[in-house]
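[1] missing the sequence, but the structure's below:
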């Protein structure tokens, strides 16, 4: 039986150029950033990437002890704690960039957290984030089949407490005191999304973006 979901997954796997699939969302970190905080740094993938790309002072926060231990070798300091409830040991206006790669959807109150962390960002600094798009077409395919099956990772990760669309991602940041500099679909979906956007004349194109990459700046008073 023909499966729309399977068809589009195959298009994503086979239809992208090699240089598109090899890239990571980490490229949205400014190359000029000298002091960077990675919230939810996991095992240190961002740190490993940045150590090969630029000179920087790199800090991470990770509540999983095993992952925090792995990340230590790539960061100047890894704090093992729950970012949402901890007291931050940093000076105000310290960071050029604060990163949230697949983290905000795991927080109880991402609106409050983004508001609270703003004081540690320089006035000309940026927040960067990767956030899953619940409007992705596979969500509707699952619902049409009567399913909402949580998984260990991905769009239906068991740890997701919040769900966002492109529109509500923008609202999340704007309601937390930021202005969106750029929001775009994740790199791995860019080629197929452009193709679908062309076919659909722009309508429903957001249904084919699994994640959105966000760059935001503080809205200064």
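    Happy to help now that I have it. Note that this is a predicted model, so its numbers are computed, not measured.
[2] tell me the confidence at residue 130?
    Per-residue pLDDT puts residue 130 at 94.
[3] that one should be in a helix, yeah?
    No: if the criterion is DSSP: H, G, I helix; E, B strand; the rest coil, then residue 130 is strand and not within a helix.
[4] is it in a bridge, and if so with what?
    Here residue 130 sits in beta bridges with residue 101, residue 213, as judged by DSSP bridges.
[5] nearest residue to the middle of this structure?
    residue 130 (1.4 Å; Cα atoms, centre = their mean).
[6] doesn't residue 105 make contact with that one?
    No: look at residue 130 against residue 105 with Cβ atoms under 8 Å: they stay out of range, at 9.8 Å. C-beta: built from backbone N, CA, C; applies to glycine.
[7] lowest-pLDDT helix or strand in the chain?
    Least confident helix or strand, the chain: helix 18-21 with a mean of 36, by mean pLDDT, DSSP states H and E.
[8] picking that back up, who's in contact with the residue nearest to the centre of the chain?
    Residues in contact with residue 130 (Cβ atoms under 8 Å, 6 or more residues apart in numbering) are 25, 100, 101, 102, 186, 211, 212, 213, 214.
[9] go again with 7 Å.
    By Cβ atoms under 7 Å, 6 or more residues apart in numbering, the contact list for residue 130 reads 25, 101, 102, 186, 211, 213.
[10] now the strands for the protein?
    35-39, 57-61, 77-79, 95-101, 121-132, 178-185, 211-218 (DSSP state E).
[11] could you dump those strands to CSV with distance to residue 139?
    What follows is these, written out as CSV (distance: least, Cβ to Cβ, whole Å):
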stretch, distance to residue 139
strand 35-39, 26
strand 57-61, 29
strand 77-79, 34
strand 95-101, 21
strand 121-132, 10
strand 178-185, 15
strand 211-218, 13
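[12] looking at the ones you listed, which is nearest to residue 168?
    Evaluated over these, closeness to residue 168 peaks at strand 121-132, with 9.5 Å, by Cβ to Cβ.
[13] just among the contacts of residue 130, which is most surrounded?
    The most neighbours of any of the contacts of residue 130, using other Cβ atoms under 10 Å, belong to residue 101, which has 23 neighbours.
[14] what about the residue nearest to the centre of the chain, distance to residue 211?
    Separation of residue 130 from residue 211 (Cβ to Cβ, to the nearest Å): 5 Å.
[15] same thing with residue 99?
    14 Å.
[16] equivalent analysis for residue 24, please.
    From residue 24 across to residue 211, the span is 12 Å (Cβ to Cβ).
[17] and for residue 50?
    Remark: distance between residue 50 and residue 211 (Cβ to Cβ) = 20 Å.
[18] one more: residue 177?
    23 Å.
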